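Trainee: starting from these lines, generate the structure:
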Amino acid sequence: ACTRKVLADLARKKGIAGHASMSKDDLVKVLAPKPAHSAVKPRLVASKKRSHSRHQAAAARDTSQNLSAEEQVERSKYEVGIPTKDLSAKVPKDLPGGYGRDRIVVMVRDPYWLHAYWELTRHAVERAEAALGQEWHGARPILRLLDVSSHDTTSASESIIRDIDIHGGCNNWYIEVGNPPKSFRVDIGYLSRRGRFYVLARSNVVSTPRAGVSDIIDENWSDLDQKQADRIYAMSGGFDPTASSLELKQLFEERLRRPLGSPAVTSMGSGAWLPGKQRKFWFQLDAELIVYGATESNARVTLQGEPVKLRPDGTFTMRFSLPDSRQIIPAVATSGDGIEERTIVLAVERNTKQLEPMIRDGNE
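Mentor: Numbers count the residues shown, from 1 in each chain. Modelled structure (predicted):
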């Protein structure tokens, strides 16, 4: 037969609250297996005296304090309201080199949207946990969006726009921005309840283009052709010789599974580098389309289906990105009383050609 001490030890291992103050009979009852299909019976301890309930509550507090760290972690899995905090990537074994590093890369999709992608190792998360110490419990993973439009690298020139809560189940995020053109950077890390922010990685600096209508680039890497990839790469600062774009270039080459190369004929510009030998000389060219017009001040105007804000005198101006393609821009004006509607269709085509570079002999 089991002694009360043995039964109490079993109850402690099973995490039964109040086992320290239970009698042997009570321990036998709570440890006895319950029938699989029987209905839940009213607890017999409900008829106990209130003083006994107080003893049980006190014993339960003592039990929770005496739980081992492993038992507390196991119990915390079932607590409600604890978000998934582990941002470390689950890296498959067959991925090419370059994975398994801590980095965040931001790309520009259009004047109002950025796309952030990150890869973080488990070691980086462990460093954050060690650095935050007691503040780690309750810390949440965030993306911190910063305005760095001054192009100065000092912290005084940066302003925090907002913090974006994320979770450990994803590795990319779309970020809405405003007031183009502007320059942004994104930091990823953990923010404690006291406001302490531990940075895991900082992104490249990107600049959004002027407001206008731009073609939407699909987020699937497999769908990007050379022109689309070069366009996003250029908008994200990849061809800027003054920017730190190594991480951005590596990310594009890894995801596209091909060298990015120099910016050939793209919708954002043209460039020329000497193949095979690295040269510092570079050349870029870009173009955009400005559409302007006028109507009555109380009219409603749309360009490509998008509403246009009129000035008090009825004039308007819109800037459009001008990729290498043919664009059809329907403009519709509706009178203030809604009776009359007029439409003008504008067709524009851009065709950029890049010639082979001329390399002169240094002896000439």
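
Trainee: hey, let's count contacts and neighbours off CA atoms from now on
Mentor: Fine.

Trainee: and the nearest residue to Glu349 once chain neighbours are set aside, how many neighbours?
Mentor: Closest residue to Glu349 apart from its sequence neighbours, by CA to CA, 6 or more residues apart in numbering: Arg326 at 4.1 Å. If you count neighbours by other CA atoms under 10 Å, Arg326 ends up with 12.

Trainee: state the distance from the closest residue to Asn298 other than its chain neighbours to Met358.
Mentor: Nearest residue to Asn298, sequence neighbours excluded (CA to CA, 6+ apart): Gly336, at 5.1 Å. When distance is defined by CA to CA, to the nearest Å, Gly336 is 58 Å away from Met358.

Trainee: now Thr334
Mentor: Distance of Thr334 to Met358, computed by CA to CA: 53 Å.

Trainee: more crowded one of the two?
Mentor: With neighbours defined as other CA under 10 Å, Thr334 and Met358 compare such that Thr334 has more, 18 against 8.

Trainee: just checking, Val332 touches Thr302?
Mentor: Yes: under the criterion of CA atoms under 8 Å, Val332 makes contact with Thr302 at 5.3 Å.

Trainee: re earlier: give me the number of residues near the residue nearest to Asn298?
Mentor: When counting by other CA under 10 Å, one arrives at 13 neighbours for Gly336.

Trainee: SS state for it?
Mentor: Here Gly336 is recorded as coil under DSSP: H, G, I helix; E, B strand; the rest coil.

Trainee: isn't it right next to Val301, touching?
Mentor: No: with contact defined as CA under 8 Å, Gly336 does not count as touching Val301 (10.3 Å).

Trainee: so where is the stretch 1-150 of the chain shaky, pLDDT-wise?
Mentor: 1-2, 19-20, 33-100, 150 (pLDDT under 70).

Trainee: sorry, back to before: for the residue nearest to Asn298, give me its contacts.
Mentor: Counting by CA atoms under 8 Å, 6 or more residues apart in numbering, Gly336 touches 298-300.

Trainee: what's the mean pLDDT across stretch 356-364?
Mentor: The pLDDT scores in stretch 356-364 average 71.

Trainee: gap between Gln134 and Arg196?
Mentor: 12 Å.

Trainee: ignore the last one, Arg360
Mentor: 57 Å.

Trainee: pick out whichever of these two has more residues nearby.
Mentor: Neighbour count, other CA under 10 Å: between Arg360 and Arg196, Arg196 has more, with 12 against 7.

Trainee: OK, contacts around the more buried one?
Mentor: Applying CA under 8 Å, 6+ apart, no residues contact Arg196.

Trainee: what of the one 3 residues further on?
Mentor: Contacts of Val199 were listed using CA under 8 Å, 6+ apart, and they are 187-190.

Trainee: and it, backbone torsions?
Mentor: Main-chain dihedrals, Val199, degrees, to the nearest 10: phi -90, psi 130.

Trainee: now do the helices in the stretch 201-350 of the chain.
Mentor: 226-235, 246-256 (DSSP state H, counting those that start in this stretch).

Trainee: oh, that last question was meant for the stretch 51-200 of the chain, not what I typed.
Mentor: 69-76, 122-132.

Trainee: does Val206 touch Arg185 like I think?
Mentor: Yes: when contacts are counted by CA under 8 Å, Val206 is listed as touching Arg185 (6.6 Å).

Trainee: low-confidence regions, the stretch 251-364 of the chain specifically.
Mentor: By pLDDT under 70, the low-scoring segments of the stretch 251-364 of the chain are 251-279, 362-364.

Trainee: go again with 80.
Mentor: For the stretch 251-364 of the chain, the stretches with pLDDT under 80 are 251-282, 284, 286, 288, 319-324, 359-364.

Trainee: out of the contacts of Gly336, which is most surrounded?
Mentor: Neighbour counts for the contacts of Gly336 (other CA under 10 Å) peak at Arg300, which has 20 neighbours.

Trainee: now do that one against Glu306, distance only.
Mentor: Applying CA to CA to Arg300 and Glu306 gives a distance of 11 Å.

Trainee: also Ile359?
Mentor: From Ile359 to Glu306 the distance is 47 Å (CA to CA).

Trainee: who's more crowded, these two?
Mentor: Between Ile359 and Glu306, counting by other CA under 10 Å, Glu306 is the more crowded of the two (12 against 7).

Trainee: and the more buried one, bridged to which residues?
Mentor: Leu303 (DSSP bridges).

Trainee: show me the contacts for Ala128.
Mentor: Ala128 makes contact with 136, 190, 198, 200, according to CA under 8 Å, 6+ apart.

Trainee: the same query, at a cut-off of 7 Å, please.
Mentor: Each residue near Ala128 by CA atoms under 7 Å, 6 or more residues apart in numbering is listed here: Tyr198.

Trainee: residue numbering should commence at 3 henceforth.
Mentor: All right, first residue 3 from here; so that's Ala130.

Trainee: report the buried residues of stretch 121-135.
Mentor: Within stretch 121-135, the residues scored as buried using 16 or more other CA atoms under 10 Å are 121-123, 126-127, 130-131, 134.

Trainee: between those, which is closest to Val293?
Mentor: Among the buried residues of stretch 121-135, Glu121 lies closest to Val293 (CA to CA), at 41.4 Å.
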